[in-house]
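>>> Please work out how this folds:
(chains A and B)
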Number of protein chains: 2
Amino acid sequence: MSLIVQKYGGTSVADLERIKNVAHRVISTYEKENQVVVILSAMAGVTDGLISMAHGITNNPDPRELDVLLATGEQTTAALLAMMLTSMNYPAKSLMGHQAEVVTDRDYGNARILEIGAGRIKDLLQKGNIVVVAGFQGTDIKGNITTLGRGGSDTSAVAIAAALTADTCEIYTDVDGIYTADPNVCKKAQKLAYISYDEMLNMSSLGAKVLQIRSVGFAKKYNIPLHVRSSFSQEEGTMVVNEDSGMEQLVVSGVTHNKDEARITLKKVPDQPGIAAKIFTPIAEAGIIVDMIIQNTRAEGQTDLTFTVPKTAYKKALEIEKEVAARIGAEDVFGDDNIAKVSVIGVGMKNHSGVASVMFNTLSREGINIHMISTSEIRISCVIDEKYAELAVRVLHTAFGLDRDEEEK
Amino acid sequence: MSLIVQKYGGTSVADLERIKNVAHRVISTYEKENQVVVILSAMAGVTDGLISMAHGITNNPDPRELDVLLATGEQTTAALLAMMLTSMNYPAKSLMGHQAEVVTDRDYGNARILEIGAGRIKDLLQKGNIVVVAGFQGTDIKGNITTLGRGGSDTSAVAIAAALTADTCEIYTDVDGIYTADPNVCKKAQKLAYISYDEMLNMSSLGAKVLQIRSVGFAKKYNIPLHVRSSFSQEEGTMVVNEDSGMEQLVVSGVTHNKDEARITLKKVPDQPGIAAKIFTPIAEAGIIVDMIIQNTRAEGQTDLTFTVPKTAYKKALEIEKEVAARIGAEDVFGDDNIAKVSVIGVGMKNHSGVASVMFNTLSREGINIHMISTSEIRISCVIDEKYAELAVRVLHTAFGLDRDEEEK
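Predicted coordinates:
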């Protein structure tokens, strides 16, 4: 007997017909003598609908009350699935976040799980129940309802799997796994059988559509194997596992691209201690998240500083930096919001030199100019002109040997 | 400083515009230096919508899970009102049933309140908050979500008012008070300034549309004055109070009618001990509620027995009694579902003889035949042909001096 945690996303529970489909999957797992805990998202579109309802009241809804409102979405699907299962004569019980003892901090809208007192779940499992837990929601120690942020049900699932020391955590979604690149951009993209936690963590753009990044960090910390798969097919998906799990190590596992950022450059900044704080503190205070930062030292005690921000915050950030530049005596500020970030990711990179040079040469061969470069242990990212994004993905995909064999098509 | 509990029904919170209207009322009470606790129903139609969603799964949804589903309705309105209030810069916090410590038994769908640990509410009030409690819902001692049955938010409000020893409990609804008769039937009906708990309890048909009957029992037990009034006007409504509250005592306070019952008669039943049990046990086992029962002794150790059941259960009850009649040797079973029950209610009745004879004479003068009579200390009910129901209400209303003065019209 195994203990299996299954998480179903919003498109998998979008209506009663699909909830029935989920019920059949759950039952088939339960019938194989497994203990099953199901974590559900709200029906697709419901959370957005509730948010716009709140915005019908005010642009800045009270965060505590917004969480109370949003929590109804998962409460609904959890009740409906438990009802569906009992109507099919399977014992099932729904639990809300506070009932499942998902204890979080009080950062409404983006709460972090502090601990899970899995007593109630274990008790219900022991009595033979299928336990259906409303994802995305928790409670602080005072009993206030909190939510975990977009995609939070993934984190609910992984955290509950960790607390229960589950054998597997299956993440059911509307795609059938993690691909080496976005199949819409690169037709030769293939589904990966395995990917490491670290690679997933670095696949911000490709991965985030499939799995909340925070949930991957959680899975890594507690070493919970994740099985990302489609709720609409029986096919195996992608296993997200520890890199030591004996998986075949590719040098590069995937090529991702991201068009959501813009670039801002401050030219000829006086190169003094504390200057970076002067540049980035006003940005942080405005709640703008900076991704890449690059600094080139020039001659004469001056430096050029370039960084990226979300496109949505581009104008505001540019405004802020124009003020900053005047104050600190930088020569000029300019920006560009027609950029894209292309990354190659792979744990194999750690042991193989030359990945960077293959990447740069490949882009250069296509006449693609690189504006910024940043690297981590297992990732290399280049900022290029937006118009070349798709081309860059395809040529890098080929260059790193990721293309699917034609016969498989 | 007074502590005021206000309950708003589904039509009063039917959309954001109306919730804003509620917010203004709440604020105006709060601004007068009162502590305010607000209890809300779900938006009009939402509970029915959720029930039909559940029926899309099965005709017999699991009662525990149905309650989890239904509880989302009040969670939504409570969050929205608290959000509305905070957006207007008033401190407000929503509480769900479990957070407000509304502890009930585990009779899902019709749970009864066992106790209210009002600690959390008191704490929030003391900190200056307006407290918004989701009505209709509670929690059993194990933390399962329960609901209190249709109109349960009234009971939530009264129970919370009792637990807090509130000064007043205001019930805001879409009618402006309790009338001496249904104004749709009797144009001369007047709004009562006062009515006693006992009279409300006996006004099953008139009253139930305005106030859940159980909440009145609760208010009586804890002597909580209820103020039933409209959320759409500033007019005073009707006070439901203890009959010793010095209110002017009318002999008859109201005339009600009810067309929801049908009548079944067993003819020439052998008059033996235990025969009533044989007749009513199968009815009870089928979950059918019997209202009036009348037994006339005939000659020769035989008796005729007549009783009423809800019209919706008429056919089933008739079927059951045909079997019973055959078994116990009754001569015949027949029924009639074209009946109405007309009642006059008034605490003054206790001290005034002659109410019954005025009622019977008034009906007789109009040629209305009485099929059944039943009485309580403060109520007399007659079953008549359905077609005479409205006429009976009007002539009784006049006979007991309830008609509004023409000038007031």
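>>> if I look at residue A:144, how far off is residue B:41?
Applying C-beta to C-beta, to the nearest Å, the value for residue A:144 to residue B:41 is 23 Å. From N, CA and C alone the C-beta is placed, and that goes for glycine too.
>>> okay, these two: which has more neighbours?
residue B:41 (30 against 20; other C-beta atoms under 10 Å in any protein chain shown).
>>> can you pull the contacts of the closest residue to residue A:337 other than its chain neighbours?
In space, not counting the residues next to it along the chain, residue A:337 is nearest to residue A:262; the distance is 3.7 Å by C-beta to C-beta, 6 or more residues apart in numbering or on different chains. By C-beta atoms under 8 Å, 6 or more residues apart in numbering or on different chains, residue A:262 lies in contact with A:308, A:309, A:310, A:311, A:314, A:317, A:335, A:336, A:337, A:339.
>>> So residue A:262, which state does it fall into?
With DSSP: H, G, I helix; E, B strand; the rest coil as the basis, the three-state label of residue A:262 is strand.
>>> who's it bridged to?
Per DSSP bridges, residues listed as beta-bridge partners of residue A:262: residue A:309.
>>> Same check on residue A:305?
On the basis of DSSP bridges, residue A:305 is bridged to residue A:266, residue A:295.
>>> shouldn't it be in contact with residue A:280?
No - counting by C-beta atoms under 8 Å, residue A:305 does not reach residue A:280; the two are 9.4 Å apart.
>>> Can you work out which residues contact both of the two?
In contact with both residue A:305 and residue A:280: residue A:293, using C-beta under 8 Å, 6+ apart.
>>> Give me the more crowded residue out of the two.
residue A:305 (22 against 17).
>>> That one: what's it in contact with?
A:265, A:266, A:269, A:276, A:279, A:293, A:294, A:295.
>>> Okay, strands next: where are they in the stretch 1-150 of chain A?
Taking DSSP state E, counting those that start in this stretch as the criterion, the stretch 1-150 of chain A carries its strands at A:3-8, A:35-40, A:92-95, A:102-104, A:113-116, A:130-134, A:137-139, A:145-147.
>>> Indicate which one of those is closest to residue A:285.
Proximity of the strands of the stretch 1-150 of chain A to residue A:285 was assessed by C-beta to C-beta; the nearest stretch is strand A:145-147, lying at 24.8 Å.
>>> So which elements touch that closest one?
For strand A:145-147, the elements it packs on are helix A:63-87, strand A:137-139, judged by 3 or more C-beta pairs under 8 Å, 6 or more residues apart in numbering or on different chains; DSSP states H and E.
>>> what helix or strand is the residue lying farthest from the centre of chain A on?
Among the C-alpha atoms of chain A, the one most distant from their mean position (C-alpha atoms, centre = their mean) is that of residue A:300, at 42.7 Å. Residue A:300 belongs to no helix or strand when assigned by DSSP states H and E.
>>> Quick check: it vs residue A:330, distance?
If you measure residue A:300 against residue A:330 using C-beta to C-beta, the figure is 14 Å.
>>> Kindly report the same for residue A:85.
Between residue A:85 and residue A:330 the distance, using C-beta to C-beta, works out to 63 Å.
>>> neighbour-wise, which of the two wins?
Under the neighbour definition other C-beta under 10 Å, residue A:85 and residue A:330 were set side by side, and residue A:85 has more, 29 against 23.
>>> any idea what sits nearest the more buried one, other than its immediate chain neighbours?
Residue nearest to residue A:85 in three dimensions, not counting chain neighbours: residue A:92, with 3.6 Å by C-beta to C-beta, 6+ apart.
>>> Give the full set of residues in contact with that neighbour.
Each residue near residue A:92 by C-beta under 8 Å, 6+ apart is listed here: A:81, A:82, A:85, A:86, A:129, A:130, A:131, A:132, B:62, B:65.
>>> buried sites along stretch A:105-121?
A:108, A:109, A:110, A:111, A:112, A:113, A:116, A:118, A:120, A:121 (16 or more other C-beta atoms under 10 Å in any protein chain shown).
>>> now these as TSV including distance to residue B:186 and pLDDT?
Compiled in TSV, these are given as follows (distance: C-beta to C-beta, whole Å; pLDDT from 0 to 100):
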residue	distance to residue B:186	pLDDT
A:108	53	96
A:109	54	95
A:110	59	93
A:111	57	95
A:112	62	94
A:113	61	94
A:116	61	94
A:118	61	89
A:120	55	95
A:121	58	97
